[in-house]
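Chemist: my questions concern the predicted model and sequence given below.
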Amino acid sequence: MLLLDKAIKSSKQIYSRIYLNSYQMRSVKSHITIIAIALLGLQSCRKLGLCHDAQLSNKVAYSGPELRTDGYYYADLPTRQTVMIFYNNGVVMLPGGTDSTGAAALVQSFIDDKTSGYGKVRYGWGVFFVKGAELTFENWPPTFMGCSPLEQTTGQIVNDTTFTLTKQITKNNKGKTERELTLNETYHFRPLTIKPDSTNEIVGE
């Protein structure tokens with residue numbers, strides 16, 4: 001009888017664990033389904049005209065002496081290098097970050113890969129402006145929401161191969177500031193014989 005009682009008790013414990021795991025799995029699946037529906041709805045908001053992206057400023061061609069544009073700029077941050085590429089048509093390419101020594105390889109990958117589809121990546125492109133010693137660029141940040149806010153980043157130009165970003169403001173589509181960050185990111189220039197193509201579907205060539 002003692003062995004039978006132990007067997008029954010063990011069976012109940014196993015059944016309880018199976019039921020609990022099954023319930024947890026159903027719960028996780030339900031949450032995933034809800035999140036997927038929510039994201040789909042948010043993505044549909046733009047298509048249905050229920051919300052609108054914050055507007056980028058119109059691009060302005062740049063030919064000034066303040067910054068060199070025949071290469072790329074990189075910043076050494078604590079855990080990575082980030083890259084920015086300016087073009088004379090007023091477009092800025094934002095390839096993002098890489099490991100602490102990978103900026104050159106990242107840029108080269110965009111030069112070599114003509115079919116990466118990066119020209120369709122919304123957060124990979126923006127517009128920039130130079131006014132005296134002040135640099136400003138605008139872009140749409142990565143977002144899961146259906147419609148994008150606007151990031152406006154400003155900094156000071158030290159010389160034609162160096163600038164320091166000092167502030168970043170996130171604005172909604174009504175122009176209201178939602179977030180403001182203080183930055184201290186210094187970018188340095190590296191020349192290129194050939195630059196990545198600036199053709200994109202976000203702000204045009």
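Modeler: Sure, I can see it. Residues are numbered from 1 along each chain as shown.

Chemist: could I get the full set of strands for this structure?
Modeler: 71-76, 81-86, 91-98, 125-131, 134-139, 150-159, 162-171, 177-191 (DSSP state E).

Chemist: in this protein, which residue is most central in space?
Modeler: residue 142 (3.9 Å; Cα atoms, centre = their mean).

Chemist: for residue 157, see how far away it is.
Modeler: Separation of residue 142 from residue 157 (Cβ to Cβ, to the nearest Å) stands at 27 Å. For the C-beta atoms, the positions are set from N, CA and C on the backbone; glycine is no exception.

Chemist: contacting residues around the closest residue in space to residue 180 that isn't next to it in sequence?
Modeler: Using Cβ to Cβ, 6 or more residues apart in numbering and skipping the chain neighbours, the partner closest in space to residue 180 is residue 169 (5.1 Å). Contact partners of residue 169, counting by Cβ atoms under 8 Å, 6 or more residues apart in numbering, are 151, 152, 153, 177, 179, 180, 181.

Chemist: just the closest of these to residue 200, please.
Modeler: Ranked by distance to residue 200 (Cβ to Cβ), the contacts of residue 169 are led by residue 151 at 16.9 Å.

Chemist: give me the neighbour count for the residue nearest to the closest one when sequence neighbours are not counted.
Modeler: Leaving aside its chain neighbours, residue 151 sits nearest to residue 141 (4.8 Å; criterion: Cβ to Cβ, 6+ apart). By other Cβ atoms under 10 Å, 14 other residues sit near residue 141.

Chemist: check what pLDDT residue 141 gets.
Modeler: Residue 141 is assigned 88 on the pLDDT scale.

Chemist: isn't it right up against residue 168?
Modeler: No. Between residue 141 and residue 168 there is no contact under Cβ atoms under 8 Å: 9.4 Å.

Chemist: could you list the low-pLDDT ranges of the chain?
Modeler: 1-51, 114-115, 144-146, 204-205 (pLDDT under 70).

Chemist: mind checking how far residue 122 is from residue 148?
Modeler: From residue 122 to residue 148 the distance is 7 Å (Cβ to Cβ).

Chemist: what's the answer for residue 185, then?
Modeler: Taking Cβ to Cβ, one finds residue 185 at 22 Å from residue 148.
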